[in-house]
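Test case, fold it:
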Amino acid sequence: MYHLSNNLSLDISKDGLKGYIVISKDDDSELGEFNIDGIVKEVKEIIKYGLKEEVLLNLLKNKIVNEKVLIAEGKEPIHGKDGKIKYYFDFEKPLLPKIKPDGTVDYKELDSINVVKSGDIIAEIIPPEEGEDGIKVNGESISHKKGKIPRFSRGKNTSVSEDGKFLKASSNGIVEFRNGKISVSEILTLNNIDNSTGNINFNGNVIIKEDILNGFALKTTGSVEIKGAVEGGFIQCDGDVLVRQGIQGYNRLVIDIGGNLSTKFIENSIIRVRGNITSEAIMHSDVSSKSNILVIGRKGLIVGGICRAKYEIRAKVVGSSMATNTVLEVGVDPEIKHKFEKLEQNIKTCKDNLEKIERSLKLLDMLKSSNRLDQKKLELYNSLIKARISLNSEIITLERELNLIESQKDSLLKGQIKVSDTVYPGVKIIIGNSQMIVRDEMKRCTFYEENGRIKIGPY
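Have a look, this model is predicted:
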């Protein structure tokens, strides 16, 4: 604080960006006349930037007392903005095909795979924006913070340009973002997977020009594009799967993948997907997604079987006029559900076997009590005793695991089922722990859970 006279003081804020004048006056004291020109000159020797001279003159002329008046403002620094990385590819494509105005689905327009050639630019560093220094009211400079320059986190088959601005592909392949790094994975291209190739196990991405035929398997760490159909084959991969025609599973597990699935239709198939499932029709299949099931296009049909999704199921038509048994379930983690059902089945099998053992032991106990057990039956008796102990122990272990899974099931999410056209009678709706069976045909509705009951709202 600067004392300009007995009644006049100049105060500068701690950050140096504001200057204040206070004219002090006691109730009993009187103010003399100010040497205004002299005070202004003295203030200017201290305040070198941002002086509001008119405010200062008004204060002095009108003798505004006991009020802290702002007479100077400095300039705050403008900090530089961090640079960023511009990606030339969309790493979050949901595998959604293009729906035409007439309702048909165009899978040719599904630009789902980020294919590159050697030398293609994958990403670019956008430099940080320059900032500007600030100025304190006493004229001192305030340094601004400079923006940070980002760095590429690059994986295999990529290189950085000489100027450090661009990340490029150093081989042909598919651009992927995994484990925090941008990589280019190699592509395996085949006409079919059939007798000519046998089963395929590949570390990378795969493109099949035609079909995967019945009885043959494809396992890969990357993504898969099939330009034809899957006819009873099996696909296991970490990435996305695009089947441009459709999937006929012959009631077997045909898809078990970590990404999204997009296909024209799914029929008589068991499907396990950790991302979204997009299709025009799902018929008589056991389909589960750890995200959403989206049945789109003109048909938009789900009929027969069971569809499970963690968040949402959308379709145009569900069920049929023949009251085909169709189950839609949301608000459940399909993996937990399948594990729970498998444990229930294992416990039932163990208990059935235990019951058979108990019946056999009861008969052998009767023979033993009358001393009619020969050596062969005695050995059988002892082996059944051991088997009973083992089964009891296994049942306890399985039931403990079942209880743990059941507690996880109790914390289910609240999902929704949306139907844009018709829901037919015979459709079973399950949301979390609540369920209902559709008795009458319904149009354009949304099913959701509220207070432990399934409610029906407009689409």
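
okay, CA-based contacts and neighbour counts for the rest of this
Noted.

Run through the stretch 301-450 of the chain and note the low-pLDDT ranges.
The stretch 301-450 of the chain contains residues with pLDDT under 70 at 407-413.

And the strands in it?
301-309, 312-318, 326-330, 416-423, 427-431, 434-437, 442-450 (DSSP state E, counting those that start in this stretch).

Please convert those strands to JSON lines, extending it with mean neighbour count and distance to residue 45.
Shown next, in JSON lines, are the strands of the stretch 301-450 of the chain (neighbours: other C-alpha atoms under 10 Å; distance: least, C-alpha to C-alpha, whole Å):
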{"stretch": "strand 301-309", "mean neighbour count": "25", "distance to residue 45": "74"}
{"stretch": "strand 312-318", "mean neighbour count": "24", "distance to residue 45": "70"}
{"stretch": "strand 326-330", "mean neighbour count": "26", "distance to residue 45": "74"}
{"stretch": "strand 416-423", "mean neighbour count": "21", "distance to residue 45": "71"}
{"stretch": "strand 427-431", "mean neighbour count": "23", "distance to residue 45": "76"}
{"stretch": "strand 434-437", "mean neighbour count": "14", "distance to residue 45": "79"}
{"stretch": "strand 442-450", "mean neighbour count": "17", "distance to residue 45": "72"}
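
For residue 87, which of those strands is the nearest?
If you check each of those against residue 87 by C-alpha to C-alpha, strand 312-318 wins as the nearest, at 30.0 Å.

for that closest one, packing partners?
The contact analysis (3 or more C-alpha pairs under 8 Å, 6 or more residues apart in numbering; DSSP states H and E) places strand 312-318 against strand 292-295, strand 301-309, strand 326-330, strand 416-423.

The third one pairs with which strands, parallel or anti?
Right, the one you point to is strand 326-330. The sheet places strand 326-330 alongside strand 301-309 (parallel), strand 427-431 (parallel), with pairing taken from DSSP bridges.

In a markdown table, list those strands along with distance to residue 76.
Output for the strands paired with strand 326-330, formatted as a markdown table (distance: least, C-alpha to C-alpha, whole Å):
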| stretch | distance to residue 76 |
| --- | --- |
| strand 301-309 | 53 |
| strand 427-431 | 56 |
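
so which of the ones you listed comes closest to residue 200?
Across these, closest to residue 200 is strand 301-309 (C-alpha to C-alpha), at 28.8 Å.

related to what we said a few turns ago, right, and the helices and strands packed on strand 312-318 - which one's nearest residue 374?
Here strand 301-309 is closest among the helices and strands packed on strand 312-318 (C-alpha to C-alpha), at 53.2 Å.

how about a markdown table for the helices and strands packed on strand 312-318, with distance to residue 340 added?
Formatted as a markdown table, those follow (distance: least, C-alpha to C-alpha, whole Å):
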| stretch | distance to residue 340 |
| --- | --- |
| strand 292-295 | 21 |
| strand 301-309 | 14 |
| strand 326-330 | 15 |
| strand 416-423 | 22 |
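
Looking at those, which is nearest to residue 80?
Per C-alpha to C-alpha, nearest to residue 80 of the helices and strands packed on strand 312-318: strand 292-295, 41.3 Å.

Please identify which of the helices and strands packed on strand 312-318 is closest to residue 69.
It's strand 416-423; of the helices and strands packed on strand 312-318, that one is closest to residue 69 (C-alpha to C-alpha) at 60.4 Å.

Show me the strands paired with the closest one, marking each as parallel or antiparallel.
Under the rule (DSSP bridges), strand 416-423 has strand 312-318 (parallel), strand 442-450 (antiparallel) as partners.

what about the helices in this structure?
36-46, 53-62, 334-369, 375-409 (DSSP state H).

Can I get the second one in PDB? Just the C-alpha atoms.
Taking C-alpha atoms only, helix 53-62 is exported to PDB below (Å, rounded to 0.1, in the frame of the first residue of the first chain):
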ATOM      1  CA  GLU A  53      -7.600   8.500 -15.300                       C
ATOM      2  CA  GLU A  54     -11.100   9.800 -15.500                       C
ATOM      3  CA  VAL A  55     -12.200   7.600 -12.600                       C
ATOM      4  CA  LEU A  56      -9.200   9.000 -10.600                       C
ATOM      5  CA  LEU A  57     -10.000  12.600 -11.400                       C
ATOM      6  CA  ASN A  58     -13.700  12.100 -10.500                       C
ATOM      7  CA  LEU A  59     -12.700  10.500  -7.200                       C
ATOM      8  CA  LEU A  60     -10.500  13.400  -6.300                       C
ATOM      9  CA  LYS A  61     -12.800  16.200  -7.500                       C
ATOM     10  CA  ASN A  62     -15.900  14.800  -5.700                       C
END
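
quick one: it to helix 36-46, angle?
Taking axes from the mean of the first three to the mean of the last three C-alpha atoms, to 10 degrees, helix 53-62 and helix 36-46 form an angle of 140 degrees between their directions.

residues making contact with helix 53-62?
21, 34, 36, 40, 71 (C-alpha atoms under 8 Å, 6 or more residues apart in numbering).

Pick the one among those residues closest to residue 145.
residue 71 (27.6 Å).

Neighbours of the closest one, how many?
22 (other C-alpha atoms under 10 Å).

my guess is it meets residue 21, correct?
Yes. The criterion here is C-alpha atoms under 8 Å, and residue 71 meets it with residue 21 at 6.7 Å.

just to revisit the earlier point, show me the one of the strands paired with strand 416-423 that comes nearest residue 297.
Each of these has some distance to residue 297 by C-alpha to C-alpha; the shortest is strand 312-318, at 8.2 Å.

Can you lay out the strands paired with strand 416-423 as CSV showing distance to residue 9?
As requested, the strands paired with strand 416-423 are exported to CSV (distance: least, C-alpha to C-alpha, whole Å):
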stretch, distance to residue 9
strand 312-318, 69
strand 442-450, 67
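
right, so of those strands, which gets closest to residue 223?
strand 312-318 (23.9 Å).

Let me have the strands of the stretch 301-450 of the chain in a markdown table, extended by distance to residue 286.
Listed next are those as a markdown table, based on distance: least, C-alpha to C-alpha, whole Å:
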| stretch | distance to residue 286 |
| --- | --- |
| strand 301-309 | 5 |
| strand 312-318 | 14 |
| strand 326-330 | 9 |
| strand 416-423 | 17 |
| strand 427-431 | 14 |
| strand 434-437 | 18 |
| strand 442-450 | 21 |
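
nearest to residue 224, of these?
Nearest of these (C-alpha to C-alpha): strand 301-309, 22.2 Å.
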